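J.: Fold the following and give me the result.
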Amino acid sequence: MEAARKISLWQAAATLGAMLFSAQTLHAQEAAFPSRTVQIVVPYTPGTGADILARTLGPRLAERWKVSVITDNRAGATGNIGTDFVAKATPDGHTVLFTATSFGTTPALTPKLPFDPVKSFAPVSLVATSSMSLVVHPQLPVKSLKEFIALARREPGKLLYCSPGNGGPQHLAMELIKLETKTDLVHVPYKGSGGALTDLMGGHVQAMIVSLQTVAPFVQSGRLRMLAIMGAERSPAFTNVPTLKEQGLANLEVETWYGVLAPAAAPLLAVAKINSELNALLQQPDIREQLAKQGMNAAGGPPERLGNLVKSELARWARVVTAAKIKVD
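T.: Reported below is the predicted structural model:
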C-alpha cells in the first residue's frame, strides 16, 4: 500500500510538473512572438486588392511589434505558387498568407493542388470584403433584375455577358446566377477588366459582374446601368440599387473577400496574437477610411469566421464549376 501511495504521489508530481512546464512554454511562445521578421506572402501581383491591404496593414503591425514586417509578392498559377510556399513554410507564425477570393474558387478549377485549402492552413482573420454588382449596357431594355431574367428566358442563348477571364470570380458569379435562375447566357471571356468594360459600354456584350469600385464611375456617368448589388447590404454609393436578396435571390450573395492564413501547425498563441492585432487595426478610423477608398469594408472577427467562409466558398464553387462544366484555359 505504501509503495502504491508513493507511486501515486510521484505520478501526481510528474503530471503537475508537466502542466507547469507546458504553461511556461506557452507563455514563452507568447512572449517570443514575433521574435524576428514577419513575412506576409501575397500570391498575386503588386497593386491587387490583397497587395494593397497587406502594404496598408504591414507597417502598422511592424510599429506595434517592433520587428520588420515585409510584403512578399509570389504571384503565378492563379495564386497557387505563393499559397503553396506558405503551406510548406515553417509553422511558427512568422510566415503568413494574405489571400483573396480565388483561394476559394481555384480548388474547384484545379483539383490537383500541391496543398489542401483546408488541412494545410490555419485561418487567422477575415480582413475585408467588397461587393460586386450586376451591370448591363444602358440600351438593354431592362431596368431591374427581374426584367433581366425575364429577357434572358425569352431569348435563351442570345444575351452575351463578359468577364475579365475564364474561371475568375466574376465568371463564376454569373454562372451561379444562371444556375439558380435557370437562364442561358453566353460567356465571353477577356484578358482583364479593361477590354471587357470597353466592349460592354460599346454594346458588343450586354452584361457583366464587376466590382463596385471598378464600375462606379461608369454607372454614375450613365454609360452603364446597375441592376443589383451582390453583397449582403446596399452600397452607400448606390442606395437606390437593391441587393440580390431583396430581389428574391437569397442564395446568391457573393462578395470579394480578403483574409490571412497561417500554415496549419502554427502555434495557437501566434494565430491569436495576429488576429487580435488585425482586429485592433481594423477598428482604427484612418484604416477604415483607407479601405473605403478602395471600395472595401473592414471585416475582422475570430479566426473561425474566415474558416467557415473558406469552407462554404469551396463547397459553393465546386457545385457551380461542376454544373456549368467550367474548365480553365
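
J.: from here on, contacts and neighbour counts on C-alpha atoms
T.: OK.

J.: Got the confidence number for residue 4?
T.: You'll see residue 4 listed with a pLDDT of 51.

J.: Need the contact partners of stretch 311-323.
T.: For stretch 311-323, the surrounding residues in contact (CA atoms under 8 Å, 6 or more residues apart in numbering) are 104-105, 107-109, 118, 172, 175-176, 179, 327.

J.: Same check on stretch 196-213?
T.: Outside of stretch 196-213, the residues within contact range by CA under 8 Å, 6+ apart are 130-137, 140, 159-164, 170-171, 173-174, 188-190, 223-224, 294-295.

J.: if you set the cut-off to 7 Å instead, what comes out?
T.: With contact meaning CA atoms under 7 Å, 6 or more residues apart in numbering, stretch 196-213 is reached by 131-137, 140, 159-164, 170, 174, 190, 223-224, 294-295.

J.: Just the buried ones among these, please.
T.: Applying 16 or more other CA atoms under 10 Å to the contacts of stretch 196-213, the neighbour count classes 131-137, 159-164, 170, 174, 190, 223-224, 294-295 as buried.

J.: Looking at those residues, which are in strands?
T.: Counting by DSSP state E, these place 131-136, 160-163 in strands.

J.: which one of the residues you listed sits closest to residue 69?
T.: Closest approach between those and residue 69, by CA to CA: residue 131, at 28.7 Å.

J.: show me where the stretch 201-329 of the chain has strands.
T.: For the stretch 201-329 of the chain, the strands defined by DSSP state E, counting those that start in this stretch cover 207-211, 225-229, 255-263, 297-298.

J.: Low-confidence ranges, the stretch 1-150 of the chain, go.
T.: Applying pLDDT under 70 to the stretch 1-150 of the chain picks out residues 1-31.

J.: residues of stretch 268-285 that come out buried?
T.: 268-279, 281-282.

J.: can you list contacts of it?
T.: Against stretch 268-285 from outside (CA under 7 Å, 6+ apart): 30, 33, 93, 124-125, 287-288, 298, 300-301, 303.

J.: tell me the two of the residues you listed that are most distant?
T.: 30 and 288 (28.1 Å).

J.: got JSON lines for the contacts of stretch 268-285, with distance to residue 311 too?
T.: Formatted as JSON lines, those follow (distance: CA to CA, whole Å):
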{"residue": "30", "distance to residue 311": "29"}
{"residue": "33", "distance to residue 311": "28"}
{"residue": "93", "distance to residue 311": "22"}
{"residue": "124", "distance to residue 311": "14"}
{"residue": "125", "distance to residue 311": "14"}
{"residue": "287", "distance to residue 311": "28"}
{"residue": "288", "distance to residue 311": "27"}
{"residue": "298", "distance to residue 311": "21"}
{"residue": "300", "distance to residue 311": "17"}
{"residue": "301", "distance to residue 311": "16"}
{"residue": "303", "distance to residue 311": "13"}
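
J.: That concludes my questions; thank you for your assistance.
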